[in-house]
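Asker: Here is a sequence with its predicted model. Questions after.
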Amino acid sequence: MKDLAETAQSTGAPAPIDAGYWFGNVIPDLLNSANTPFLQGRAFIFASQFADELGTMAERYLAAAVEAMASDEVSIPVKISAVKTVKK
């Protein structure tokens with residue numbers, strides 16, 4: 001996905017995804033959704049792919065990743081996804 005966005009930006013084409021909308025409105029809710037672990041883990045992975053462009057939202061994502069790693073209710077695969085987000 002990041003490759004598509006970079007290609008579109010370099011060619012002047014419209015962005016294939018409105019990352020601002022996703023990172024501001026959709027992904028944050030999924031990061032704290034322990035009842036859907038697959039979506040929660042994928043949200044962390046998605047955030048890790050765009051970590052460089054999160055800007056002021058980075059603190060919000062970092063806090064969610066730390067919270068997930070510290071929680072006893074979060075599954076191990078989700079915790080690994082959260083670590084990948086922090087690592088980026």
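Answerer: Arrived safely, thanks for sending. Fair warning: this is a prediction, and the values are worked out from it, not measured in the lab. Numbers count the residues shown, from 1 in each chain.

Asker: okay, CA-based contacts and neighbour counts for the rest of this
Answerer: Fine.

Asker: Next up, the contacts around the closest residue to Ile45 other than its chain neighbours.
Answerer: Leaving out its chain neighbours, the residue that sits closest to Ile45 by CA to CA, 6 or more residues apart in numbering is Ser81, at 5.8 Å. Taking CA atoms under 8 Å, 6 or more residues apart in numbering as the criterion, Ser81 is in contact with 41-42, 44-45.

Asker: burial measure for Thr7, as a count.
Answerer: Under the neighbour criterion other CA atoms under 10 Å, Thr7 is assigned a count of 15.

Asker: same thing with Leu54?
Answerer: Leu54 has 17 neighbours, counted by other CA under 10 Å.

Asker: quick one, phi/psi of it?
Answerer: As for Leu54, its main-chain torsions (degrees, to the nearest 10) stand at phi -70, psi -30.

Asker: Report the separation between Ala34 and Ala19.
Answerer: Ala34 is 23 Å from Ala19, where distance means CA to CA, to the nearest Å.

Asker: got it, and Phe44?
Answerer: 14 Å.
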